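**Student:** Have a look; sequence and predicted model below, questions after that.
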Amino acid sequence: MTDGPLIVQSDKTLLLDIDHPLSTECRRAIAPFAELERSPEHIHTYRLTSLGLWNARAAGHDAEQVIDTLLKYSRYAVPHSILVDIAETMSRYGRLRLEANPIHGLVLITTDTAVLEEVIRAKKIAPLLGNRIDPETIAVHPSQRGAIKQALLRLGWPAEDFAGYVDGQHHEIELVQNGWSVRPYQSLAAEGFWHGGSGVVVLPCGAGKTIVGAVAMAHAKATTLILVTNTIAARQWREELLLRTTLNEDEIGEYSGSKKEIRAVTIATYQVMTKKKNGVYAHLDLFDTHDWGLIIYDEVHLLPAPIFRFTADIQSRRRLGLTATLVREDGLEGEVFSLIGPKRYDVPWKEIEAQGYIAPAECVEVRVTLTDAERMTYATAEPENRYRLCATTATKRKIVEALTQIHAEDQVLVIGQYIDQLDELSEVLGVPLIKGDTPIKERERLFKLFRSGEIKCLVVSKVANFSIDLPEATIAIQVSGAFGSRQEEAQRLGRILRPKSDGRTARFYSLVSRDTIDQDFAQNRQRFLAEQGYSYRIIDADDVAQGKL
Amino acid sequence: METRSFADYLRGLNDESLAALFALRPDLISPVPSDMSSLAIRTNSAPSLARAVDGLNEWQFQVLEACIAINEPMTEKEIIEVTDSSAKFVIPHLMSLALLYTSRDGIRIPQTLRDVLGTEPAGLGPVSMAKLSMKKLEEAPAAAKKILEQLTWGPPRGSVGDIRNPGPGIAWLLKENFLVPLDQRCVVLPRNVAIHLRGGKIHKNPQPNPPILNGKAVKQNVVDRAAIANIATVLRWCEEILNFWSEEPPSALRAGGLGVRDLKSAAEHLGVDENCAAFVSELVYLRGLVVIDADDRVLPTHAFDLWLTQSAEARWRGIASLWLATSRVSGLVGRAESKHISALGPELDRVNAASTRRLVLELLSASREISPDVVSFSALVKWRAPSRRSPGLQPDLVKWTLRESEWLGITGQGAISKYGLAFYKGEEAIGVDLDLPKSINHILIQSDNTAIAPGRLEIELARTLDSIADIESRGGATVYRFSETSLRRGLDHGKTGEEIREFLRKTSKTPIPQPLDYLISDVSKRHGRIRVGNTSAYIRCEDQNILTQILNDKRMETLPLRRIAPEVLVCDMDARDIIALLRTAGYLPAAESTTGVLLLGPRLNRAKSKPRPPRVIGELEAPSDETLAAALRSIRVGEKSSSKQSALREIAANALGAIPRTTANETLDLLNKFIAEACTLSIGYADNNGSATHRIVDPLSISAGSLIARDHATGEVQSFRIPRITGVAPL
């Protein structure tokens, strides 16, 4: 019995006591095979999954190392069944391999013919296979490389992929580190990705994921396709790359609704990629028109379904996914991992905050009490209208007014879901509004004014949920949201996490109507951040009115 | 005479030897025999001898077999000659067991032992009295040699087609008396010939030494660590399965025991396979922590609550010692070949289970720091306890015992742990409590509304926490999650919000995060705002004064009235009675229907049951022509058949006078013949009690030892077992 920082639970979760002196060392030791699930203030929860253990195998760790690590750091004796299970799971990896055969092309090879016999009989796998070459080898249709990997993973016999990646067309890209340098975690993340071949890097909002992309590009030194959520984000990527790398303006193309440039580095939006013309995705060819050496998916948690399907076909190209919040409300996290690649790097938000790379933030839930009239309207409303009703009450408007007055000196973002509510707020507060039908030019102008400090306050709709870089914003006021979406809440907080020049603490207000469904949704929304260690403080709307914060 | 000399031998033993005998065969003194001769009879009785023989290991048994195979009286030298020199170490043991004894003329065997070991010890036939010249064997023709080869190592009997017409090899052997005919079709190899052919030995493979145990070497500290984890786990399993059943009690099967589906869901709940779940269920069942209730529900008992308060060591020792002693074998549950056997069911007892477990533990404790492989371990167990009476189950029992020892933590990673050793030796303190992590009395609450108990919580704390939070993850630590539902449950159990907060403040090492604090206030504020209850009648009145008057009215004191609102009184009595009472007291109440409509008009008393008028019995209607015709037809047919029956029976009785009697062979011949001729037969047929009845049948066919025939008495096709047909005669 040691007095280690780790508790191994029988449901295969690992609890890490972060107040323990060995916790940092232990965290590093278990990170390669255990997935971080929650990281609140005292005990972090990791989970042992088959996928995680197989990734560890792929990265060169064997079962013995994993078991040794657990035994070394475990506070209590580790249940025997878990050790057996780890050894068994890890031994399944690598019995099947995908290789490029000079004669037969892509082949599936096994060291254990019984396993091969089992998988080729599986209904989902048979159609992906070609001819049997010898008892240990069977041909695979090259286009099905992604599909077969996914199917084998589901069967529990993951294939080790030795077929390699195409290098893509060479293009010289270097980092230009003048006056800034790559942060340690950014280079760790890029290294992790590069050695793994493909995969997803998870970093908090504002922690500089673009730089990770740039470092990866400098590794690849090849033509790169970058997929982003919208045009604004595309322009931000372009500016960052111009600033951080040797790339010049002519080498970076924008492929969006307005422009269709294909250059050595092309930045495309998901929107244009998934636009249908005569019932077909006209722009998906972009993946094939060029010999890309690297494909970067920004905000990979938003990846639209058609791109998923297409990604399965381009398994021979290196793929990098970037995200802050890999929680998909549609539950497709697993798909992201099997198509883009496994999680290569993940770090608790609070750790980055402690290193000073993102601004410390305080989350405040403001409880608004509805007036009696509002309560009555709410009580008699149809269930489908209730959320909208309680999220957009007039009482909230007054609180927003009070808050903006208190923070008159700060850069404030007011974020909401319902356009009429935002229209009203924009009018009452006398500040500009950015919403879906605001032209790109106007958006860029407003953001620029906001960045320079000429505008102190902006009302924004969900168009500003992601990828909008507003370094000086310190206050965000959320008035309504997309029901219980956890990642939206986190992304909105992310808007104010860029470190401030004076090291100020950012503050995130979430306005919630008391005793309504708004409160239930808020609880769900806050879960992701709470699990990242952000503790919400609850205050009453009356306190705000009296200026008490 | 034989018995008397055995009794004399016993009389001649000194106290020390007798004490040794009783220690080895405790059944001899329960109850204590009255004198030496009755002791001799008991010692020489088949059950006691069989028990003593069961305790022998393979080599001791082989020596004993050899003693039986050679002639009495014998000498040690003779025994060693037919076995091995190491037999001389075994003979004293057999003596002290009184399976051999010395008389004046040499070593003898208690007489009944021959019956216990069977007529053919070590596959040897009877001794031939004929004069044999063993030299002649070498001249045997090839065919004879082949036969001898087959019979040499037993079984000694062989069957031949017909003894009167044997093949050349057998003919030669019979002629030379190397084979003895037993009956028409059977020959036997005499013992003296077989021993000669066996080269003067009795056994083909004498096994004076136990087989070597193979296994993996493991360090004792590793073993102990694994074992303590197993102990913690098995105790947790017991607790969890009982908590699970207390929430959702499964129903026992009609045949007793736990259904497959319930076992499966218990296994899922524990996160183990079904074998293990069956094992855990049996453990708690043995310990009396669970019972199958009168209404067939499987429910934890009060003993469980007491059990939880015991120390871990006491809890573990309790279940482990019951496991060691029980004859119930949980490994039998869920096997493909015995689907009907269920956990907690009636069919789990097996004879050798307890002794096998004890032996397994003995062997494990003899080889410390070794995790034995199952095959060599089974071989060793087989050598130690050849288990001749139920040999089929032993390998499985060994396998299961090893598996269960691991689950129990008697072993860790396959080798015996210090706890297992101390437990096996029956030591006072096992050391479980010392090595198990101490119970803790604090939790850590985090801002994502989870609380973590980083160890085993003290039982009282765990119970309180259970009632206000849901368990999310179990193991060395427990992760709880607070939610609206879980807090509501706590409030339903009678805690107030303030109590919950106070409890958390006291128990948590970290301050209560504000969101949780708010959650508790919110839930407790809303809890119980809506009240629901049962009542059978109400009194309402818009004038509150009247209700106050009723409440204070002396005449209404008999009514249990309660005011739930200014204008409403409720009462647990029938509305009609209340109305009557109010009327007599001078009030003027009116009745209301459930929808609030005033019930006016005279009250009519009506029964609530459905109308059930009596049956009308009238005159019969005149039947139609069709009915008449059909009735007539049916009567005629019946008459015809019954007159034919009685005619046939009469003929049969006249012709034969009695039930026919034929020999078995004749019966079959006759049946075959009459089936071909399709002739009605009279047969005698024995019923279950053996008395023969007379049947008249139309034979149809013979199949699988039965005659298929139409019985005239019933008119149905029936099958008659041929051996029961006492005779056949045609009609």
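**Tutor:** Nice, I can see it. Numbers count the residues shown, from 1 in each chain, chains lettered A, B, ... in the order given.
**Student:** alpha carbons only for contacts and neighbour counts from here, please
**Tutor:** Fine.
**Student:** residues in contact with the residue in the stretch 201-350 of chain A that chain B sits nearest to?
**Tutor:** Sorted by distance to chain B under CA to the nearest CA, the residues of the stretch 201-350 of chain A start with residue A:350, at 13.4 Å. Applying CA atoms under 8 Å, 6 or more residues apart in numbering or on different chains to residue A:350 gives the contacts A:532-533.
**Student:** I'd like to know how far it sits from residue B:356.
**Tutor:** Using CA to CA, to the nearest Å, residue A:350 is found at 58 Å from residue B:356.
**Student:** Doesn't the residue of the stretch 201-350 of chain A closest to chain B belong to a strand?
**Tutor:** No. Secondary structure of residue A:350, determined by DSSP: H, G, I helix; E, B strand; the rest coil: helix, with no strand assignment.
**Student:** Roughly how far does it sit from residue A:326?
**Tutor:** Counting by CA to CA, the gap from residue A:350 to residue A:326 is 16 Å.
**Student:** So the residue nearest to residue B:123 when sequence neighbours are not counted, which state does it fall into?
**Tutor:** Counting by CA to CA, 6 or more residues apart in numbering or on different chains, the nearest residue to residue B:123 once its immediate chain neighbours are dropped is residue B:154, at 4.2 Å. Here residue B:154 is recorded as coil under three-state DSSP.
**Student:** Give me the phi and psi for the closest residue to chain B within chain A.
**Tutor:** Nearest to chain B, among the residues of chain A, is residue A:9, at 4.2 Å (CA to the nearest CA). Backbone torsions for residue A:9, taken as degrees, to the nearest 10, come to phi -90, psi 160.
**Student:** What distance do you get for it to residue B:263?
**Tutor:** On the measure of CA to CA, residue A:9 and residue B:263 end up 23 Å apart.
**Student:** neighbours around residue 34, how many?
**Tutor:** Answering for chain A, as no chain was given. If you count neighbours by other CA atoms under 10 Å in any protein chain shown, residue A:34 ends up with 24.
**Student:** Chain B is the one I meant
**Tutor:** Count around residue B:34 with other CA under 10 Å applied: 9.
**Student:** next one: residue A:72
**Tutor:** Quick note: residue A:72 (other CA under 10 Å) scores 16 neighbours.
**Student:** Same check on residue B:686?
**Tutor:** Residue B:686 has 19 nearby residues by other CA under 10 Å.
**Student:** any idea how far residue A:308 is from the closest residue to residue A:307 other than its chain neighbours?
**Tutor:** Nearest non-adjacent residue to residue A:307, counting by CA to CA, 6+ apart: residue A:274, 7.4 Å away. Per CA to CA, residue A:274 is found 11 Å from residue A:308.
**Student:** So for those two, which residue has more residues nearby?
**Tutor:** residue A:274 (17 against 14).
**Student:** Could you list the contact residues of the stretch 151-300 of chain B toward chain A?
**Tutor:** Residues of the stretch 151-300 of chain B found near chain A (CA under 8 Å from any CA of the partner chain) are B:225-226, B:228-230, B:233, B:271.
**Student:** For the stretch 51-200 of chain B, which segments count as helices?
**Tutor:** Using DSSP state H, counting those that start in this stretch, the helices of the stretch 51-200 of chain B run over residues B:58-69, B:76-82, B:87-96, B:111-117, B:142-152, B:168-175, B:191-197.
**Student:** Including mean pLDDT and mean neighbour count, could those helices go into CSV?
**Tutor:** Formatted as CSV, these follow (pLDDT from 0 to 100; neighbours: other CA atoms under 10 Å in any protein chain shown):
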stretch, mean pLDDT, mean neighbour count
helix B:58-69, 85, 23
helix B:76-82, 82, 17
helix B:87-96, 85, 17
helix B:111-117, 80, 17
helix B:142-152, 78, 17
helix B:168-175, 77, 17
helix B:191-197, 81, 21
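**Student:** Need those helices in CSV (columns: distance to residue A:502).
**Tutor:** Putting the helices of the stretch 51-200 of chain B into CSV (distance: least, CA to CA, whole Å) gives the following:
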stretch, distance to residue A:502
helix B:58-69, 87
helix B:76-82, 100
helix B:87-96, 93
helix B:111-117, 98
helix B:142-152, 101
helix B:168-175, 113
helix B:191-197, 105
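**Student:** Quick one: closest of those to residue A:255.
**Tutor:** helix B:58-69 (85.5 Å; CA to CA).
**Student:** That closest one vs helix B:87-96, what angle?
**Tutor:** Interaxial angle of helix B:58-69 relative to helix B:87-96 (axes from the mean of the first three to the mean of the last three CA atoms, to 10 degrees): 80 degrees.
**Student:** Give the other helices and strands that helix B:58-69 contacts.
**Tutor:** Where contact means 3 or more CA pairs under 8 Å, 6 or more residues apart in numbering or on different chains; DSSP states H and E, helix B:58-69 is packed against helix B:76-82, helix B:87-96, helix B:374-384.
**Student:** Please repeat the previous calculation with a cut-off of 6 Å.
**Tutor:** Helix B:58-69 is packed against no helix or strand, with contacts defined by 3 or more CA pairs under 6 Å, 6 or more residues apart in numbering or on different chains; DSSP states H and E.
**Student:** what sits against the residue in the stretch 201-350 of chain B positioned nearest to chain A?
**Tutor:** With CA to the nearest CA as the measure, residue B:229 is the residue of the stretch 201-350 of chain B nearest to chain A, at 4.9 Å. By CA atoms under 6 Å, 6 or more residues apart in numbering or on different chains, residue B:229 lies in contact with A:77, A:79.
**Student:** tell me the SS of it?
**Tutor:** helix.
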